[in-house]
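Undergrad: quick one: sequence and predicted model below, then my questions.
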Amino acid sequence: MNLFRSEEHVARWLGDRTPGETIPIVQLAALAQAWWGDRLAPDWQPHTRAQNQAILDSVGLVSPFWQLPAI
Amino acid sequence: MDVALRNLTYRRFVELGRAPLPEELGDRAEVLAGWRALHDAHALVLDGDALRMAAPFSAVPTPHRVHAGGRWWHANCGWDAFGILAALHCDGEIATICPDCRAALVLVVRRHQPSDPSLVFHCLVPARQWWADIVFT
């Protein structure tokens, strides 16, 4: 899970490997805010799978690649 | 899951600016037993008896560094670099490298917005496999 200068740099880095998914950094920032924002809350409770999937969905990550495993 | 131990671990991590030792949180054996259960529940990641990740924070040096709250932190990945700022609820700076060209990438993040929106993030591993090998992920 890395930051890259551009999609061209991702493609070169991947070479022959199967690519994952590339998203704009602004979308990543929104995802991180929703995913990690409560991590230091004094009353933190674990997220359920449904909560985490809802976060991914909320920032537009809805393809099968972003589907969390059933628990 | 011992949520109280998990929350204490995270609080001390931020207070210390590093991963706490088990004996800094209580009885060493009891804390290690609690940490192992938290590891199994994916609430943190151990390497032997030591913390490896209290995501988004890394207990070991990584190429993903974050300046926030007056100190430098290590993140586990590019996503977690933004996650540290989100968890701390503050602006900051992210310093990492492009894995392709090895160029330094330095971002200022204010109010959740990166200073260079042209960069991209690549996630190699599908979400369903993230925890098969979380260190690789």
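TA: Alright, I've got the coordinates.
Undergrad: and the pLDDT at residue B:106?
TA: In this prediction, residue B:106 carries a pLDDT score of 97.
Undergrad: same question, residue B:1
TA: On pLDDT, residue B:1 comes in at 83.
Undergrad: what's near enough to touch it?
TA: By Cβ atoms under 8 Å, 6 or more residues apart in numbering or on different chains, the contact list for residue B:1 reads A:46, B:37-38, B:41, B:43. To be clear about C-beta, it is placed using only N, CA and C from the backbone, and glycine gets the same treatment.
Undergrad: residue B:105: what secondary structure?
TA: strand (DSSP: H, G, I helix; E, B strand; the rest coil).
Undergrad: quick check: which element contains the nearest residue to it once chain neighbours are set aside?
TA: Distances taken as Cβ to Cβ, 6 or more residues apart in numbering or on different chains put residue B:96 closest to residue B:105, at 5.1 Å, once the chain neighbours are dropped. Residue B:96 belongs to strand B:92-97 when assigned by DSSP states H and E.
Undergrad: can you list the strands that that strand pairs with?
TA: strand B:64-68 (antiparallel), strand B:104-110 (antiparallel) (DSSP bridges).
Undergrad: ok, residue B:13 touching residue B:53?
TA: No: checked against Cβ atoms under 8 Å, the pair residue B:13 and residue B:53 is beyond contact range at 10.3 Å.
Undergrad: just the strands in chain A please.
TA: Using DSSP state E, the strands assigned to chain A run over residues A:2-4, A:21-24.
Undergrad: in contact with the residue nearest the centre of chain B, which residues?
TA: Centroid-nearest residue in chain B: residue B:57, 1.9 Å away (criterion: Cα atoms, centre = their mean). Contacts for residue B:57 (Cβ under 8 Å, 6+ apart) come out as B:13-14, B:19, B:73-76, B:80, B:84, B:87.
Undergrad: and the pLDDT for it?
TA: Here, the pLDDT recorded for residue B:57 equals 97.
Undergrad: look at residue B:69 and report its pLDDT.
TA: Looking at residue B:69, its pLDDT reads 87.
Undergrad: what do you get for residue B:135?
TA: We have a pLDDT of 69 for residue B:135.
Undergrad: burial count for residue 58?
TA: All of this is about chain A. By other Cβ atoms under 10 Å in any protein chain shown, the residues close to residue A:58 number 12.
Undergrad: try again with chain B
TA: The tally of other residues near residue B:58 (other Cβ under 10 Å) stands at 25.
Undergrad: so the residue lying closest to it once chain neighbours are set aside is in which element?
TA: Leaving aside its chain neighbours, residue B:58 sits nearest to residue B:74 (4.2 Å; criterion: Cβ to Cβ, 6+ apart). Element membership of residue B:74 [criterion: DSSP H and E] is strand B:71-75.
Undergrad: tell me the mean pLDDT for the following helix or strand past that strand?
TA: Using DSSP H and E, the next helix or strand after strand B:71-75 towards the C-terminus is helix B:78-88. The average of the pLDDT scores along helix B:78-88 is 97.
Undergrad: can you tell if helix B:78-88 touches chain A?
TA: Yes: residues of helix B:78-88 contacting chain A under Cβ under 8 Å from any Cβ of the partner chain: B:78-88.
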